[in-house]
Each structure stands twice: as structure tokens, then as C-alpha cells.
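In: please work out how this folds:
(chains A, B, C and D)
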Amino acid sequence: MTRFELTELPIDVAALRRELDDPHCGAIASFEGIVRDHNDGRRVHRLEYQSYADLAMREGQAIVDAVVSASQARHVVCVHRVGMLAIGDIAVWVGVAAAHRGAAFEVCRHVIDQVKLRVPIWKNEHYADASSGWIHP
Amino acid sequence: MTRFELTELPIDVAALRRELDDPHCGAIASFEGIVRDHNDGRRVHRLEYQSYADLAMREGQAIVDAVVSASQARHVVCVHRVGMLAIGDIAVWVGVAAAHRGAAFEVCRHVIDQVKLRVPIWKNEHYADASSGWIHP
Amino acid sequence: MKVRLCYFASLRDAAGTATEEIEIGHVDAVRLYEAAAERHGFSLPRSRLRLVVNGEIVDWSRPLQAEDEVVFLPPVSGG
Amino acid sequence: MKVRLCYFASLRDAAGTATEEIEIGHVDAVRLYEAAAERHGFSLPRSRLRLVVNGEIVDWSRPLQAEDEVVFLPPVSGG
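Out: Here you go, the predicted model:
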């Protein structure tokens, strides 16, 4: 199975992880991107993620579909949260199930790299000094 | 924090994951090694893991301590189960928290590779035909 | 002809709106962006934006049509 | 002198015991393994085993001492 989702709700890792259950798979690699309390030397109080939802869903699904076709991974699930997030909240989760660990790790890393590069989602950092700024790297 | 543990109880991923909480960390990579239903073309019904516990604990702790000293990872937890396991059970879990995803992925992969290579734990595969065999690769 | 503009992230904040409909007397997306940038004070140079028309990423040279939905896509920062 | 042997995995199954205490008239770990292999029918060649004495991985040339705890470590397969 492959699935990409955007959600305004807190990401439920345990529920997502169960989607990867498969008796043929001996390896599951997963990644959580988490809101941390600093970036580029500034203290961050919270983050807002905004998406171009229609295009983001298509780009995200294209990433997970392509990598499952091109690899030994059997299941890839990626969920990105949008809206206002606090420190410690999970912004993005990627889970990959494969027969062996090599494919699980490589595909998991590939998916998060591609999501950060391609999917139209933007982060607005709200700083301790009450200023904020959209990140356009 | 760094921690290596052997346990005869089912691995509680959610509890282990909470040990990695840290507002300075933006990335958590984790790995689950799972008992799958086949190996080398034979159907596996269950697995037994036996350890040389004293040496396994020291080797495992040495692996996680060394990698935290030598990398940007802030927290590394690894738990390996021993005893009799069924298909789908988690045999080993590795979780790594770091500021950025590169270190989290690399350290997670390194730890599972080293654990498989160095830690004195052995797997006895019980096959569908009621035979079994210790794996000594 | 009429086109619909959708803004995201810093462009949305600068424009003060998520969407606007405007009348143009040409079919040039570059000119459309430059006029919007001047009107709203966008600071991102066009070279850092991708053009999306009706949900598809397209080249800036593609001629616009009436009723097109146009997005100027700023560099993304998800994850 | 007396040493204590601990067996793991296939060696434990072949020996039918996890530990045994034996009397030896020498200090040679290689000779100790070869005698145990013959006694219990171990099939793993010594070249595939590591020697552990009192919890430390040591070279096969290290002389044994009375009361040593000796483990012949088969190739591991955790994970």
C-alpha cells in the first residue's frame, strides 16, 4: 500500500504504523519530523504549515507511488500535518515496510527528502520576540 | 541518553519512543526488526532468540555510547527481545533523536548494523515442517 | 479576459488575500506576476517561483487563457 | 585445574547443557575447544568461533587459568 495524506489533526503514529503490518516484511523504518524550539539560532515558539492542498496531495502521492514501483519497499505511508503546531508536535511522519532493512531505510530517507523538496507546503516560524516569517529556502 | 536493553517482554514502541522526547530534536528515525514468515525460501512459524546476556548488554551499550560520542545524535535507544517470538513480533527496536534528519537516519542504520554484527544473540528458526535450526551466518 | 490568482505563504500575507480575480489584456504569465509583485510589494524574484496553471506546473512561457487559475509557487519548506 | 564452560545456541543444543565444569591438565583454549567438539560432536570449525574468557573477548593463544569461565562464541544472528 502507498498513501500520502495531509491532516489538520495530530498525527497518530500508532495508527499509521498498523497500516504497515505485513507478515512478509521483516523491516520497518520510520521518520518523524518534529517541531523543535530553535532554527537558525532563533527561538521558535510555534509553527504554522500552509499547503496548496490539491497539488500537495498529487505530488505527495506521486512520490510514494514512484518509490514503491522502483524499490523493494512494499508499503509506504507519509502524512504531513498542516495548521498551527506547537514545539514537540509531529509535522511529518514517514513509514516504510520492506522484507529487508536496506530498502526500508533508503526508501524512508528518499521519501522525506523528496517531500521537503517538492511538495507545496510552507512553514511560518513564530519566534519568541513575536515576529514571524515564512520560510522560502 | 543512550540505552541498550534485552527484554523477554513484548517491545512497547510507544513507551520507548517517549524516551526520545527532546525539544531540541527535530528528527527521529526508528527501526523495527520484525519476525517474518519466511527466510531463505523456508516458511518460518516462530523464532527463538537466545543471548549471552552479560556480554550482549556490554556490547550493545558500547555500540550506542560510541555512536552518540561520534555523531550529532542526541539520544539512542535500542532494545532487543529474547525468548520465543511469533510472526509479526518485534525482535529489535532502534530509535534515534537528532537535531536534523541526516544524523538520525545514519545513526539508526549504524546501530542496527552493528547490533547484528557484534552483539551475542542467536536466532533459532522453527520451520513449518517442525524442524529448526540456529542461524550462524 | 479574467484570470483567478491564488496566493500561498509569504505572497498570501503580502497580498492580504488568498485569491483575487483580475482582468488582463494579455496572455503573459511573467507580466502577470510582475504586475502583482508591484501591486502587492512581493519581494521574491520571479526566478525563485514556479508557475502553476489549473493545477499543473507549467513553463512561464505558456500563454494564459480566460478563466485560468494561476498560482505563483514560492520555494517550499515542508517537513 | 578446573574451568567452567558455557555454551550458547547450536553448541548448547549439541552439548545438551548450558554449562559444564571440567578438569584440564593444560592451559590451551584451542585444545579445550577441540576436546569439547569431539566430546559433543560440534560441527562449527574453531575458525568461526570467538573465545571469551571471564566475559572478555580474548585471543585463542591466551593461557587459561584455574576457575576461568570460558565461552566459545558462535557467529551471532540477532536483529
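
In: could you check which residue of chain C lies nearest chain B?
Out: The nearest approach of chain C to chain B comes at residue C:79, 8.2 Å away (Cβ to the nearest Cβ). The C-beta positions use only the backbone N, C-alpha and C, and glycine is treated the same way.

In: strands of chain C, residue ranges please.
Out: For chain C, applying DSSP state E gives strands covering C:2-6, C:19-23, C:50-53, C:56-58, C:69-73.

In: and the ones you listed as TSV, adding mean pLDDT?
Out: Formatted as TSV, the strands of chain C follow (pLDDT from 0 to 100):
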stretch	mean pLDDT
strand C:2-6	98
strand C:19-23	97
strand C:50-53	98
strand C:56-58	97
strand C:69-73	98
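
In: redo these as JSON lines? Include mean neighbour count and distance to residue B:73.
Out: What follows is the strands of chain C, written out as JSON lines (neighbours: other Cβ atoms under 10 Å in any protein chain shown; distance: least, Cβ to Cβ, whole Å):
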{"stretch": "strand C:2-6", "mean neighbour count": "17", "distance to residue B:73": "41"}
{"stretch": "strand C:19-23", "mean neighbour count": "12", "distance to residue B:73": "44"}
{"stretch": "strand C:50-53", "mean neighbour count": "19", "distance to residue B:73": "35"}
{"stretch": "strand C:56-58", "mean neighbour count": "13", "distance to residue B:73": "37"}
{"stretch": "strand C:69-73", "mean neighbour count": "20", "distance to residue B:73": "34"}
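
In: possible to save these as CSV with distance to chain A?
Out: As requested, the strands of chain C are exported to CSV (distance: least, Cβ to the nearest Cβ, whole Å):
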stretch, distance to chain A
strand C:2-6, 8
strand C:19-23, 12
strand C:50-53, 6
strand C:56-58, 8
strand C:69-73, 6
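
In: tell me the contacts of residue A:136?
Out: Contacts for residue A:136 (Cβ atoms under 8 Å, 6 or more residues apart in numbering or on different chains) come out as A:122, C:9, C:10, C:44, C:48, C:74, C:75, C:77.

In: rerun that using 7 Å as the cut-off
Out: If you count contacts by Cβ atoms under 7 Å, 6 or more residues apart in numbering or on different chains, residue A:136 has them with C:9, C:10, C:44, C:74, C:75, C:77.

In: in helices, which of the residues you listed appear?
Out: The helices, defined by DSSP state H, take in C:9, C:10 from the contacts of residue A:136.

In: show me which pair in the contacts of residue A:136 is furthest apart.
Out: C:44 and C:77 (12.8 Å; Cβ to Cβ).

In: now distance to residue A:71 too, for the strands of chain C, in a markdown table please.
Out: What follows is the strands of chain C, written out as a markdown table (distance: least, Cβ to Cβ, whole Å):
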| stretch | distance to residue A:71 |
| --- | --- |
| strand C:2-6 | 34 |
| strand C:19-23 | 39 |
| strand C:50-53 | 27 |
| strand C:56-58 | 25 |
| strand C:69-73 | 28 |
